[in-house]
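Trainee: quick one, what's the 3D model for this:
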Amino acid sequence: MRQTTIENIAAGRRERRRRWIIVNSLLLVLACMLCIGMLMMGNTIYPPGDVIRVLMGESVDGANFAVNTIRLPRMLAGLFAGIAFGIAGNTFQTMLRNPLANPDILGITAGSSVAALFCILILRTSNTTISIAAVIAALVTVVIIYVLSKGRSFSVGRLILVGIGVQAMLGAMISYLLLIGAQQDIATAFRWLSGSLNGSQMNAIIPLMISVVVCAPIVMILGKHLSILELGEESASSLGLNTDRTRILLILSSVAMIAIATATTGPIAFVAFLSGPIAKRLVGAGYSNVIPAGLVGLNLVLAADLIGQFAFEVRFPVGIITGILGAPYLLYLLIRMNRKGSL
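Mentor: Down below sits the predicted model:
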C-alpha cells in the first residue's frame, strides 16, 4: 500500500513536470513566431529569408533600415518589457497571495510614470536618468504604501486599498504634469502613457535589457521560496525560510524591472495583472510559475502590438489593446472576490 502511494506521488510529479515543460515549450515557440512576425510585417512585408540575411549583417535593398532601425528595437522592447511586467506581476501576486496585488493596482507603475513624466516634460533628461528616476520613484512608492498600510498586523486587503488610494493620488499628479507641460510635448506624453512601442531605439532599451538579464534570474532562483511564501508567514518561517531577506530580494528585483520597463515603453496596461493567472492556469500547481509568467507576458505584449498595428484601420498603441483585454478580467475578478467575501 505504501509503495503504491509513493508510486502515485512520483507519477503525479512526473505528469506535472511534463505539463510544465510542454506549456513552456509551446509559449516559447509562440514567442519566436511573434518575434519573426514583428520583424517581417510593416508597411512593407519582407520574407523570412531577407529578415535573416539582414540580422546576419548582409545588405538587402530597402530592408536594412526597416528591420535594424525600426522593427528590431520595437520587437526587443516588447519582448523584454513583456518579460519584466509578467515576472514582476506574478511575483507580487504570489508573494501577497492575492491576484489584485500587482504593480498596476498597487500604484507602483503609477509612481514610475510620475517620475518618468517629470523627467520627460519638465527636466527633459536622458533615457538613463529617466530609468534611474523611475526605479527610485517605484521604491519610494512601495515604502509609502507599506508604511501607510502597516497596522498591528499585516493585512493584504489593507495594503491593496492603500495602494489604490496612492494610485489615485499619483494619477492626479500625472494630470497636473500634463497640464503644466509644454504643448509640443503633450502628444508624446499621452502616447507614452497609453503604453507604446512606437519609436523604440536600441540605446533606449539597453537599461531595460540589463535589468531583465540581471533581475529575472534572481526571481527565478527564488522561485521555490516564492511558492513557500504563498503558504503564509508562519508556515514559511517554520520551514526555515528567511522571509524578510527573501521578500526584500524579490521586491527589489521586481520593482527594478517594472520601473525600467515603464520608463522605456510606458505603463502597458494589465500585462502584469494578467500574466500570472494565465500562466498558473496553463501550467497548473506544483512548479514555479516565474518562467511561464514571463513567457505569457512577452506573448501578450507582442501579440497585442501586432493586433494594434494591423487589425484595425487606425493603428493603436499596445497598451490600448492590453487594456481592452484586461478590463473585463478585472471586473470578473472583483465580482468573484466580492461573492467569496475576499474584499
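
Trainee: tell me which other helices or strands the helix or strand containing residue 134 touches.
Mentor: Assigned by DSSP states H and E, residue 134 belongs to helix 127-149. Contacts defined by 3 or more Cβ pairs under 8 Å, 6 or more residues apart in numbering; DSSP states H and E place helix 127-149 against helix 108-117, helix 156-180, helix 202-221, helix 243-265. C-beta coordinates here come from the backbone N, C-alpha and C atoms, glycine included.

Trainee: could you tell me the angle between the shortest one and helix 156-180?
Mentor: Relative orientation of helix 108-117 and helix 156-180, computed by axes from the mean of the first three to the mean of the last three Cα atoms, to 10 degrees: 20 degrees.

Trainee: can you pull the buried residues of the helix holding residue 134?
Mentor: Neighbour counts over helix 127-149 (16 or more other Cβ atoms under 10 Å) mark 127, 130-135, 137-139, 141-142, 144-145, 149 as buried.

Trainee: got it, and stretch 35-53?
Mentor: By 16+ other Cβ under 10 Å, the buried positions in stretch 35-53 come out as 35, 37, 38, 39, 40, 46, 50, 51, 53.

Trainee: can you check stretch 273-289 too?
Mentor: Here stretch 273-289 shows 273-280, 282-283, 287-289 as buried, counting by 16+ other Cβ under 10 Å.

Trainee: got the contact list for the residue nearest the centre of the chain?
Mentor: Nearest residue to the geometric centre of the chain (Cα atoms, centre = their mean): residue 85, 0.7 Å. Contacts for residue 85 (Cβ atoms under 8 Å, 6 or more residues apart in numbering) come out as 103, 257, 258, 261, 268, 271, 272, 275, 297, 301.

Trainee: quick check on it: phi, psi?
Mentor: phi -60, psi -40 (degrees, to the nearest 10).

Trainee: can you tell me how far it is from residue 273?
Mentor: 9 Å (Cβ to Cβ, to the nearest Å).

Trainee: ditto for residue 147
Mentor: Distance, residue 147 to residue 273, using Cβ to Cβ: 24 Å.

Trainee: residue 93 and residue 278 touch, don't they?
Mentor: No - using Cβ atoms under 8 Å, residue 93 makes no contact with residue 278, being 11.5 Å away.

Trainee: hang on, isn't residue 258 packed against residue 109?
Mentor: Yes - using Cβ under 8 Å, residue 258 makes contact with residue 109 at a distance of 6.4 Å.

Trainee: which of the two has more neighbours?
Mentor: Set residue 258 next to residue 109 and count neighbours by other Cβ atoms under 10 Å: residue 258 wins out with 32 against 29.

Trainee: mind pulling up the pLDDT for the more buried one?
Mentor: Looking at residue 258, its pLDDT is 93.

Trainee: now it: how far from residue 113?
Mentor: Per Cβ to Cβ, residue 258 is found 11 Å from residue 113.

Trainee: rewinding a little: find residues that contact each of residue 93 and residue 278.
Mentor: Residues touching both residue 93 and residue 278 (Cβ under 8 Å, 6+ apart): there are none.
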